[in-house]
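predicted model follows, preceded by the sequence.
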Amino acid sequence: MPESSEIALFLHILSMLVLVGSIVAVILLLALMRRATDVRDVRQFVRIASVADKFGPAAIVGVVLTGLWMIEDVGFEWDAGWINVSLLTVLVASVASGLVVTRKLAAISAATEEPAAGAPTQVLRVQLTDPVLLGTAHTTLAVVIAIIWNMTTKPGDAQAGTVVLLALVAGAGSAFPMVARRQRILEDRPRSDAS
Ligand code: HEM
């Protein structure tokens, strides 16, 4: 029979896969929404993205509960950097994702209601190229990858914190191209005009 900590590790990794799947699905669906030429497609994609996004909180609960279970069961030290930095990061990232990604997906969904068909409006295209939305989604994924590094290498506070910081910088930096793209839409310039 497997030990309870082995079952917890299995469930921990399963939750992690659901979490990564949910974030990746949202990022890919946002890319499809930006490329859609009819608002009906954006409406379908944003509905699927909102469903995928709902798996995130459930996966976080699974990851945290099984993590706590393993700490108690195996007897890991609470003050280890890889544990406390990861726990804090997971909590902050879930709140940020809920406040930004979940809310902005709801706003995009509302903006697809009118007109019922035809090219996406300028307002909708501006929402779809929101650097804050893209930056938060990318940063959440980068931070999860940083936590996987921390979980597998188990560093102290300094390295665990540095890895998370690098993920934050990479995630936020990845949104910069979106700033110019959104500006082009606001000024109604075609993509080829970009310098
Ligand atoms: C997005 C968040 C998280 C991800 C992606 C993640 C990922 C992982 C992975 C991949 C492992 C397997 C590492 C290995 O066996 O070498 C692991 C193990 C573990 N994780 Fe997490 N984890 C996350 C959050 C947490 C949190 C918040 C805690 C603490 C509350 C935690 C506690 C643990 C523990 C105790 C182990 C067992 C380590 C071992 O037995 O070697 N994890 N995690």
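Everything's here; your move.

up against the ligand, what does this protein have?
Selection of the chain residues close to the ligand by Cβ under 6 Å from any ligand atom yields 9, 12-13, 16, 19, 63-64, 67-68, 70-71, 74, 76, 83, 86-87, 90, 144, 147-148, 151-152. Every residue, glycine included, has its C-beta placed from N, CA and C.

from those, which ones fall inside helices?
Judged by DSSP state H, helices contain the following of the residues of the chain next to the ligand: 9, 12-13, 16, 19, 63-64, 67-68, 70, 83, 86-87, 90, 144, 147-148, 151-152.

buried members of those into ChimeraX, please.
Buried members of those, defined by 16 or more other Cβ atoms under 10 Å, are picked up in ChimeraX with:
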select :9,12,16,19,63,64,67,70,83,86,87,90,144,147,151
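
point me to the residue of the protein nearest the ligand.
G67 (2.5 Å; Cβ to the nearest ligand atom).

surely that residue touches L91?
No. Between G67 and L91 there is no contact under Cβ atoms under 8 Å: 11.6 Å.

CA atoms of stretch 128-140 as PDB?
These are the backbone C-alpha positions of stretch 128-140, laid out as PDB (Å, rounded to 0.1, in the frame of the first residue of the first chain):
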ATOM      1  CA  LEU A 128      -8.200  42.000 -25.600                       C
ATOM      2  CA  THR A 129      -4.900  43.700 -25.800                       C
ATOM      3  CA  ASP A 130      -4.800  44.900 -22.200                       C
ATOM      4  CA  PRO A 131      -1.200  44.600 -21.100                       C
ATOM      5  CA  VAL A 132      -2.300  44.100 -17.400                       C
ATOM      6  CA  LEU A 133      -4.500  41.100 -18.400                       C
ATOM      7  CA  LEU A 134      -1.700  39.500 -20.500                       C
ATOM      8  CA  GLY A 135       1.000  40.400 -18.000                       C
ATOM      9  CA  THR A 136      -0.900  38.900 -15.000                       C
ATOM     10  CA  ALA A 137      -1.800  35.700 -16.900                       C
ATOM     11  CA  HIS A 138       1.900  35.300 -18.100                       C
ATOM     12  CA  THR A 139       3.200  36.200 -14.600                       C
ATOM     13  CA  THR A 140       1.000  33.600 -12.900                       C
END
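
wait, doesn't I71 sit right on A80?
No. Between I71 and A80 there is no contact under Cβ under 8 Å: 9.1 Å.

tell me which residues of the lowest-mean-pLDDT helix or strand in the chain come out buried.
The weakest-scoring helix or strand in the chain, judged by mean pLDDT, DSSP states H and E, is helix 176-186 (a mean of 92). Neighbour-count burial for helix 176-186 flags 178, 181-182, 184-185 (criterion: 16+ other Cβ under 10 Å).

now do stretch 9-26
Quick answer for stretch 9-26 (16+ other Cβ under 10 Å): 9, 11-12, 15-16, 18-20, 22-23, 25-26.
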